[in-house]
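A.B. asks: what shape does this take:
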Amino acid sequence: ETLLLLRRARGRTHKPRESNIPTTMGDLDVKNKPEVGAAGATRILVALDGSKYSDQVLQFCADHLKGRTAKLTFVHVYEYHLVSAPPGPGFALAGSSGLNLTEMNNGLRKQAIDKGKKYLQQAAKKAMTLGFKPDEMKLLEGRPSSSAKHAILDYSDKTRPSMLVCGSRGLGAMGRMFLGSTSDFLVHNCKCTVMIVKCTEPEKEKTAKK
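C.D. replies: Below you'll find the predicted structure:
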């Protein structure tokens, strides 16, 4: 089940950092793929948060977007928390030489970037098992520079896709009221059409809870 909404954006000033992730998993023979720039060509941005629900977003893309887009881009936001003081005596981050906070925070950022790159590569491989592949993958910086939702929004405003696809974790109205959600924020602020894929709890976890 999906929800298709279009809203007007609000002004922002943050410019997110971004990294290209090469798509090196091989080629798929996609027939009748529209050319970028052609009249009516569709450029799709797919936001993946790395959670267990992201597979359902990929499945939606396979079911509804495969072979219908001129350009398909996966985006993922990496985040980490700055350390302002050493957690305790003798603490050192793996790979660092001591308690230098700058070195420690740089190490945390590098670990977050490496984890984000690995996830995007895994997402691309998963997409290939579903019969499609991204034309491009982008890794955006979230916290501490920005929030994930603002990083995605700013990148969307910059690249001006035809549509942004993201997942919803199924929060009810009360949950959204108190917690908010990235999908709600994007719906109300993106300049492009936003497609929200309603994600459900995986069947294995439903069975385990019974």
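A.B. asks: so where's this protein uncertain?
C.D. replies: 1-18, 21-41, 85-99, 170-180, 202-210 (pLDDT under 70).
A.B. asks: using CSV, write out every CA atom in stretch 134-146.
C.D. replies: The C-alpha coordinates for stretch 134-146 follow below in CSV (Å, rounded to 0.1, in the frame of the first residue of the first chain):
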residue,chain,number,x,y,z
PRO,A,134,20.8,1.8,-9.4
ASP,A,135,22.4,4.1,-11.9
GLU,A,136,24.0,6.1,-9.1
MET,A,137,24.5,5.8,-5.4
LYS,A,138,25.1,8.8,-3.1
LEU,A,139,26.2,8.8,0.5
LEU,A,140,25.2,12.0,2.4
GLU,A,141,26.4,13.3,5.7
GLY,A,142,23.8,13.6,8.5
ARG,A,143,24.6,14.2,12.2
PRO,A,144,26.5,16.0,13.5
SER,A,145,26.4,18.4,10.5
SER,A,146,22.7,17.9,9.8
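A.B. asks: now do the buried residues in that stretch.
C.D. replies: 134, 135, 136, 137, 138, 139, 140, 141, 142, 143, 145, 146 (16 or more other C-beta atoms under 10 Å). C-betas here are computed from N, CA, C, even on glycine.
A.B. asks: hmm, which two among the residues you listed are most spread apart?
C.D. replies: Spanning the widest gap among the buried residues of stretch 134-146 are 135 and 143, at 27.7 Å by C-beta to C-beta.
A.B. asks: residue 47 contacts residue 166, correct?
C.D. replies: Yes: using C-beta atoms under 8 Å, residue 47 is in contact with residue 166, at 4.2 Å.
A.B. asks: identify the contacts common to these two.
C.D. replies: 152, 182, 186 (C-beta atoms under 8 Å, 6 or more residues apart in numbering).
A.B. asks: where exactly do the helices run in the chain?
C.D. replies: Per DSSP state H, the chain carries helices over the ranges 54-64, 101-129, 148-159, 173-179, 182-189, 203-209.
A.B. asks: against which helices or strands is the first one packed?
C.D. replies: When you say that, I think you mean helix 54-64. strand 43-47, helix 101-129, strand 163-168, strand 193-198 (3 or more C-beta pairs under 8 Å, 6 or more residues apart in numbering; DSSP states H and E).
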